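Q: This is a predicted model, with the sequence first.
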Amino acid sequence: MSQPSAWIVRWSHLVPAGGRVLDVACGAGRHLRWFADRGHAVTGVDRAPDAVASAARWGRALQADIEAGPWPFVGENFDVVVVTNYLWRPRLPDIVAAVAPGGVLLYETFAAGNETIGKPSRPDFLLQPGELIAACAGLGVVAYEHGYEATPPRFVQRIAAVRLDGSGIPLRHLLGAPARP
């Protein structure tokens, strides 16, 4: 199984201890494993039966086609919602809405420019400049990146954003804090 995304690891300290995790398009569960190993209750969703079977080793795993079918988490909130290497624009509002008060969205996927170096190359699967920030308008952005990285070569957009708790008190989020072991 592949290692968790460095972005997810870097910002995992924002997740409350023992918080509930949702991994959208979870694949075999690399991020589910990361969070389960740190004491979190994890839920993953993917449309591939073999991916769901693998991900179920770490916690709750649902097989659902969230592009063609309904959003399976209506009314549920999670302390962290994780999305990597996946983009389906009609689901962005559902993904953001699933972040609980005080919770965090950790999102990383391909961006415009990637078509010049490889796949994905279709505009449907590439975020435009600022698009992820706009989708997170109701959240407080802690960190954002958009650009090219050399290893592996790709154009990416990433965000770590929190849902404010409504108290009006600014939340203190350490930048670049080390991940919990």
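A: Structure received.
Q: so what's the spatially closest residue to Asp65 that is not a sequence neighbour up against?
A: In space, and not counting its chain neighbours, Asp65 is closest to Arg47: 4.3 Å by C-beta to C-beta, 6 or more residues apart in numbering. All C-beta spots, glycine's among them, are computed from the backbone N, C-alpha and C. For Arg47, the contact set (C-beta atoms under 8 Å, 6 or more residues apart in numbering) comprises Gln63, Ala64, Asp65, Ile66, Glu67.
Q: same deal with Gly59?
A: Val21, Leu32, Ala36, Ala41, Val42, Thr43, Gly44.
Q: gap between the first one and Asp37?
A: Using C-beta to C-beta, to the nearest Å, Val21 is found at 11 Å from Asp37.
Q: Give me the more crowded residue out of these two.
A: Set side by side, Val21 and Asp37 show more neighbours around Val21, with 28 against 13, by other C-beta atoms under 10 Å.
Q: Now do Ala28 against Arg20, distance only.
A: On the measure of C-beta to C-beta, Ala28 and Arg20 end up 20 Å apart.
Q: I should have written Arg38 there, sorry.
A: 13 Å.
Q: Which one's more surrounded, these two?
A: Under the criterion of other C-beta under 10 Å, the comparison of Arg38 against Arg20 puts Arg20 first, with 21 against 17.
Q: mind listing what the longest strand belonging to the chain pairs with, with the direction of each?
A: Across the chain, the longest stretch assigned as strand under DSSP state E is strand 99-110. Applying DSSP bridges to the sheet, strand 99-110 is found paired with strand 78-84 (parallel), strand 154-162 (antiparallel).
Q: which element follows the first one toward the C-terminus?
A: Tracing the chain past strand 78-84, the next element assigned as helix or strand by DSSP states H and E is helix 92-97.
Q: and that next one, what does it pack onto?
A: Counting contacts by 3 or more C-beta pairs under 8 Å, 6 or more residues apart in numbering; DSSP states H and E, helix 92-97 packs against strand 78-84, strand 99-110, helix 131-135.
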